[in-house]
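Student: Quick check, what structure comes out for this input:
(one chain, ligands or ions: 1)
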Amino acid sequence: MKIFIDTADIEEIKEALSWGIVDGVTTNPSLMRKAIEKYRMDSLDEYVREILRVAGAGRPVSLEVMSLKAEDMIREAEILYDKFNDVANNVVIKVPVNTYAGNYEGLKTIKALSEKGIPVNCTLIMTPEQALLAAKAGARYVSPFAGRIDDYIRTTKLGMQAGRDFQKGDYYPWDGTDVDDNGIRSGSDLVEKTVMILDNYDYDTEVIASSIRNARQVRESALAGAHIATIPFKVIESMLLHPKTEEGVKKFSEDAEKANYREIFS
Ligand code: E4P
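Tutor: Predicted coordinates:
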């Protein structure tokens, strides 16, 4: 499974790249806002170029449009692509599957952009059916939002029945509850069913497990055969953690000293 880093923070991107595990980057307007507040850069254009340069050729970087109508999203996508793709030939345009009830602006945008050869990452996917439509319209990637579906089931569907508070990063479901969102039991279930449906019909569209909040969702996305998971920096860090690993390192270091093992390296 490819790993994208889900951030617009240049330092996080550089650090994770140095670990040799990053295959791409996803940004969204909220992540951009965080980075702008943190770095107070003079030029947003230059900052985006820096992200693209640092990611480098062969590592796609998703940049999102901001309008709600197809003609505006297409224009914005073209501007983003024309302005930035020359930097490292790695720009992907993020388009929401739907911008409000009763319109088809997302699908029209995906169709138009893919016909122009501009790769699209269809975002805000909350059902496998949305993913199927986006793939048919020509999306290069679809991004099912695991964490937000967990939020939705926990708050809207379970509500007070949940009987406990939950934190953003908590794994769900915690007890095999049978409450669901129209047959989708959890964010991981959304990812799994999306992968299965696109596999059934051999779509070239790749599934990016998105809105990932904990390491277990990464595991379940990989088990489901998601092509990619886009993961926040802190969740990538948490994937390395286990108390027995720390304990083992401590014990081996102590025994190495006792065995005078250091002699070999001198
Ligand atoms: C990535 O493409 C998405 O924009 C991102 O994963 C959303 O994550 P969030 O639901 O934690 O904001």
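
Student: for the helix or strand of the chain with the lowest mean pLDDT, packing partners?
Tutor: Here the helix or strand of the chain ranked lowest by mean pLDDT, DSSP states H and E is helix 146-152, holding a mean of 93. Counting contacts by 3 or more Cβ pairs under 8 Å, 6 or more residues apart in numbering; DSSP states H and E, the secondary-structure elements packed against helix 146-152 are helix 187-200, helix 215-224. All C-beta spots, glycine's among them, are computed from the backbone N, C-alpha and C.

Student: and residue 117, how many neighbours does it have?
Tutor: Counted with other Cβ atoms under 10 Å, the neighbours of residue 117 add up to 7.

Student: ok but it is inside a strand, no?
Tutor: No - assigned with DSSP: H, G, I helix; E, B strand; the rest coil, residue 117 falls outside any strand and is coil.

Student: Please state the backbone phi and psi of it?
Tutor: Backbone torsions of residue 117, given as degrees, to the nearest 10, read phi 80, psi 20.

Student: for the one 3 residues further on, same thing?
Tutor: Reported as degrees, to the nearest 10, the phi and psi values for residue 120 are phi -120, psi 140.

Student: circling back: and the helices and strands packed on helix 146-152: which comes nearest residue 78?
Tutor: Between residue 78 and the helices and strands packed on helix 146-152, the shortest gap by Cβ to Cβ is with helix 187-200, which sits at 27.0 Å.

Student: quick one: buried residues of that closest one?
Tutor: Going by neighbour count (16 or more other Cβ atoms under 10 Å), the buried part of helix 187-200 is 187-195, 197-198.

Student: Which one of the residues you listed is nearest to the ligand?
Tutor: Ranked by distance to the ligand (Cβ to the nearest ligand atom), these are led by residue 187 at 9.5 Å.

Student: shouldn't that closest one be in contact with residue 154?
Tutor: No - in this structure residue 187 lies outside contact range of residue 154 using Cβ atoms under 8 Å: 10.2 Å.

Student: Could you tell me which residues touch both of the two?
Tutor: For the pair residue 187 and residue 154, residues contacting each of them under the criterion Cβ atoms under 8 Å, 6 or more residues apart in numbering are residue 172.
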